[in-house]
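Peer 1: Sequence first, then the predicted structure, then my questions.
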Amino acid sequence: MALIRRRKRTHDDVPQSYEDDDKHIKREKKFSCLDNCFWSIGLICAVWWLLLFLYNTMPISFPQYVTEKITGPLPDPPGLKCLKEGLEPKHPVVFVPGIVTGGLELWEGHQCAEGLFRKRLWGGTFGEVYKRPSCWLQHMSLNNETGLDPSGIRIRPVSGLVAADYFAPGYFVWAVLIANLARLGYEEKNMYMAAYDWRLSFQNTEVRDQTLSRIKSNIELMVEINGGEKAVIIPHSMGVLYFLHFMKWVEAPPPMGGGGGSDWCAKHIKAVLNIGGPLLGAPKALAGLFSAEAKDVAFARGIAAGVLESDVFHIQTLQHIMRMSRTWDSTMSMIPKGGDTIWGGLDWSPEAEDEPHTSHNHSNHPNYGRFISFGRDAAELHSSQIQRIDFRGAVKGNNLANSTCREVWTEYHDMGSGGIKATADYKAYTGNDLVDMLHFVAPKMMKRGNRHFSHGLAENLDDPKYAHYRHWSNALETKLPNAPDMEIYSMYGVGIPTERSYVYKLTRATQCYIPFQIDNAAEDPDVCLKDGVYTVDGDETVPALSAGFMCAKGWRGKTRFNPWGVKTYVREYAHNPPSNLLQGRGTQSAAHVDILGNFHLIEDIIRVAAGQQLGGDRVSTHIFKWSEKINIKLH
């Protein structure tokens with residue numbers, strides 16, 4: 001400042017050092033907020049990689065030594081514990097990864113992807129996302145009409161155990177479980193990763209890659225070379241739905257099915273250990289399809305308002321995510337299923353308190369049955385006080401799209417102001433409304449997805465229409481296989497707030513915008529509302545109701561969904577986060593992915609694989625009480 005206050009000098013009077021300072025000041029002024037943002041991100045990444053490098057280069061015993069000094073001696077890993085008890089490998093095991101966690105590599109691409117042959121575009125370091133984001137988005141998207149490869153692009157799943165052992169360096173998925181099974185004596189001859197392209201619809205993985213046929217052949221081979229011991233199947237997340245589809249596919253006659261016959265599962269499968277399975281769907285998937293956001297995005301908006309919007313930096317992050325993810329048919333498999341019967345209506349839900357909502361004023365209990373509400377009033381008022389205008393058949397109005405939006409094109413650009421207003425005027429959407437609503441806001445996506453998935457509740461499972469593959473991944477529209485000696489476990493985390501329903505608002509009209517946004521200003525800790533999201537008990541991604549209901553009631557005993565009496569069990573794992581950073585993601589975490597490193601879960605898996613019994617249910621939530629509230633026909 002002293003330099004600025006000096007009297008004006010002639011050029012000859014100005015010392016050289018002052019001229020250098022002036023140039024330095026001018027150079028500093030060229031740095032924008034965006035520059036500083038990128039420098040900060042670069043610094044954070046550099047520090048992270050440095051710490052990761054140091055962690056991996058230090059002696060293996062050092063982190064354990066420091067951790068034990070802080071927390072005390074660590075327990076034996078489950079594999080070592082079971083080995084000391086004398087357990088040995090018995091049943092071959094098959095891992096079925098879920099959405100997102102499996103690696104994808106490039107086999108054919110456009111010119112912008114030169115030099116990336118067989119390099120991972122998903123999983124690994126994600127280096128290509130930063131180097132060439134537009135090219136990456138183009139290659140990761142599927143054809144919007146067929147749900148298959150775009151012209152000139154072939155991305156295929158990585159094969160082998162490395163397909164999903166780590167999602168990124170230092171971030172395990174199946175690696176901890178694989179390592180503990182290896183301690184017991186397992187190796188690749190009796191461990192198999194059923195990798196598939198998780199973007200595709202389940203039937204299209206067979207149409208394009210013959211993945212279902214390869215899973216069938218590999219299970220048959222593993223059973224044969226392991227002395228006829230049946231396989232233990234371990235699906236995770238969306239992999240639970242994928243394997244449910246497989247069990248119907250393998251029974252069905254060709255060309256639609258695998259032709260294994262009605263006794264294939266009885267001959268080849270000992271147990272199915274479903275981990276974090278969204279058997280009834282996941283509200284988080286609904287929010288992703290509707291507005292490309294969920295609790296984490298709403299939180300980010302709360303602390304950095306506008307950064308993700310199209311009018312700041314013009315990066316249009318969410319629009320690109322929506323355009324890409326809406327081509328992934330698999331996401332539609334996780335739309336909540338069963339309608340109001342399962343999830344509740346305008347004024348009730350299974351997880352709500354027992355007291356009826358008699359007041360016509362703001363309720364003290366959250367209305368979880370309203371998946372999407374436009375405004376706090378629509379989320380909280382008694383249904384008699386909400387005026388809803390039906391969106392079905394509404395005139396959508398003029399096309400608001402323009403040529404500048406083509407790169408981030410979504411079907412919202414075809415809706416017009418009339419369609420957007422009609423969506424918001426319906427006020428509150430329950431399970432019975434979801435599919436119709438998505439058909440209204442994204443008709444092209446749902447027309448494609450409707451060929452592969454169904455989200456209803458069957459009245460008569462003997463109706464021939466349920467023999468079609470679009471029903472096979474819906475546990476409410478299909479029967480378990482004829483395998484009375486098979487066991488099914490629902491194993492999932494609890495004790496973490498998990499997304500259940502959302503408060504939305506209309507966004508202001510900006511170029512290439514997404515018209516609907518979670519209202520991050522909606523807060524009420526008394527009813528588990530934060531950043532516009534109502535939460536219930538679960539594993540942070542899948543509510544306990546979705547993961548546990550079928551084994552707690554729908555499949556329990558002989559029911560119309562389980563006519564041959566396959567034995568079912570519920571195993572819940574209470575969340576216990578790590579006490580310090582040195583423990584990483586913890587050995588007792590119950591979060592959706594972290595649970596794959598949970599020592600209690602891993603020990604249970606090893607015992608089943610070694611031929612032991614787990615001793616029935618282990619439950620800490622009110623899953624059986626919630627299930628009783630659901631009035632579903634079982635016989």
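Peer 2: Yep, that arrived.
Peer 1: and the residue nearest the centre of the chain, what element?
Peer 2: With distances taken as Cα atoms, centre = their mean, residue 99 lies nearest the centre of the chain, 6.0 Å away. Using DSSP states H and E, residue 99 sits in no helix or strand.
Peer 1: gap between it and residue 155?
Peer 2: To residue 155, residue 99 is 15 Å away according to Cβ to Cβ, to the nearest Å. (C-beta placed from N, C-alpha, C; glycine too.)
Peer 1: Also residue 209?
Peer 2: Residue 209 is 11 Å from residue 155, where distance means Cβ to Cβ.
Peer 1: what does residue 257 give?
Peer 2: Distance, residue 257 to residue 155, using Cβ to Cβ: 26 Å.
Peer 1: cool, residue 444 as well?
Peer 2: When residue 444 is compared with residue 155 (using Cβ to Cβ), they lie 22 Å apart.
Peer 1: so what's the residue nearest to residue 336 when sequence neighbours are not counted up against?
Peer 2: Excluding its sequence neighbours, the residue lying closest to residue 336 (Cβ to Cβ, 6 or more residues apart in numbering) is residue 281, at 3.6 Å. The contact partners of residue 281, taken as Cβ atoms under 8 Å, 6 or more residues apart in numbering, are 334-338, 455, 546.
Peer 1: switch to 7 Å and redo it
Peer 2: Neighbouring residues of residue 281 by Cβ atoms under 7 Å, 6 or more residues apart in numbering: 334-337, 546.
Peer 1: Can you list the low-confidence ranges for the chain?
Peer 2: In the predicted model of the chain, residues 1-38, 52, 54-74, 294-316, 354-364, 398-409, 509-511, 579-584 satisfy pLDDT under 70.
Peer 1: the longest strand in it is where?
Peer 2: The strand that spans the most residues within the chain, counting by DSSP state E, is strand 496-506.
Peer 1: next SSE after that strand?
Peer 2: Assigned by DSSP H and E, the successor of strand 496-506 is strand 516-518.
Peer 1: Look up how far residue 626 lies from residue 344.
Peer 2: From residue 344 to residue 626 the distance is 10 Å (Cβ to Cβ).
Peer 1: ditto for residue 578
Peer 2: Counting by Cβ to Cβ - residue 578 and residue 626 are separated by 29 Å.
Peer 1: Looking at these two now, which is surrounded by more residues?
Peer 2: Between residue 578 and residue 626, residue 626 has the larger neighbour count (other Cβ atoms under 10 Å), namely 22 against 16.
Peer 1: Name the SS class of that one, please.
Peer 2: Here residue 626 is helix, with the state taken from DSSP: H, G, I helix; E, B strand; the rest coil.
Peer 1: So which residues of the stretch 251-400 of the chain form strands?
Peer 2: Assigned strands in the stretch 251-400 of the chain, in chain order: 269-275, 372-374 (criterion: DSSP state E, counting those that start in this stretch).
Peer 1: chain center to stretch 563-577, what's the gap?
Peer 2: Centre-to-centre, stretch 563-577 and its host chain are 20 Å apart (Cα atoms, centre = their mean, to the nearest Å).
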